[in-house]
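Student: okay, sequence plus prediction incoming.
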Amino acid sequence: MKKKMSLAETAADQIMDLIRENGLKAGDRLYNEFELAKRLNVGRSTVREAVKSLESRNILTVRRGAGTFISQTEIVKTDLLGVSLFGRDEQTALELLEVRLILEPESAALAAMLADEDEIKAIQKQNRKVTSQIRHGINHSEEDAKLHQMIAAATKNRIIAKLIPIIQHSVSLAIEITNQELSESSIMYHNQIVEAIARRDPRGARSAMMAHMGENRLYVLKEIERKKRF
């Protein structure tokens, strides 16, 4: 089930490391393509792909004839808390999961009470999509995040619906940290959450979401302790 990161994905993460290590801020110019290729020890085509990926996430902005810059809109559009600049480590994953543990069990409970039939069907369909991706060893972080966002939207609370996407950065990070070791249990918990929402069982939805978040949190805590020992 483990899926290795592509060369471009690895390069994108290394570019983020360069941004953090050099204290670059919104509006600052990034190294040119040649310099990045040299620093990352990869081909220029890999750099172009990595930059394109970061541009699609509104982290970088490419201006023809001027260069590549840290996006002025990154924080506003995709990362209001600036989490992407904290680093992709266990401590960041732990803090994000703790926030999710506070918010998402109650979101699931509200969704169980307030979701309409169309929303329930859409959530069920999305859950099947995530399950299929996990079963086929496909990176499911994006669709996983979408599932949690759909549950948040079903609460009918506009604040929750806006808060959950802000912290969804932890979905891909948690999957990366756990190396998909928890993928099978994710399927189980997703099914329990979605089934509870469908049967209008707020207590069941809350409990299943709490168990889902709690298991991920415990895994990350164990990883932190393991690294301390070595």
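Tutor: Sure, I can see it.
Student: residue 189 is in contact with residue 211, correct?
Tutor: Yes. Look at residue 211 against residue 189 with C-beta atoms under 8 Å: they come within range, at 6.1 Å. Placement of C-beta: from N, CA and C, glycine included.
Student: more neighbours: which of those two?
Tutor: residue 189 (19 against 16; other C-beta atoms under 10 Å).
Student: quick one: residues contacting the more buried one.
Tutor: Listed by C-beta atoms under 8 Å, 6 or more residues apart in numbering, the contact set of residue 189 reads 208-209, 211-212, 215.
Student: which element is it on?
Tutor: For residue 189, the host element (DSSP states H and E) is helix 183-198.
Student: out of the contacts of residue 189, which sit inside helices?
Tutor: 208-209, 211-212, 215 (DSSP state H).
Student: give the residue spans of this protein that score low on pLDDT.
Tutor: Counting by pLDDT under 70, the ranges of the chain that qualify are 1-5, 72-89, 168-181, 230.
Student: centroid-wise, who is the farthest residue in it?
Tutor: Centroid-distance maximum for the chain: residue 65 at 32.7 Å, with C-alpha atoms, centre = their mean.
Student: part of a helix, is that residue?
Tutor: No. Residue 65: not assigned to a helix; according to DSSP: H, G, I helix; E, B strand; the rest coil it is coil.
Student: ranges for the helices of the chain?
Tutor: Under DSSP H, the chain gives helices at 7-21, 33-40, 44-56, 74-77, 90-114, 117-135, 141-153, 158-166, 169-178, 183-198, 202-229.
Student: dump those helices to TSV, plus distance to residue 27.
Tutor: Shown next, in TSV, are the helices of the chain (distance: least, C-beta to C-beta, whole Å):
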stretch	distance to residue 27
helix 7-21	12
helix 33-40	18
helix 44-56	15
helix 74-77	10
helix 90-114	24
helix 117-135	37
helix 141-153	28
helix 158-166	22
helix 169-178	22
helix 183-198	38
helix 202-229	33
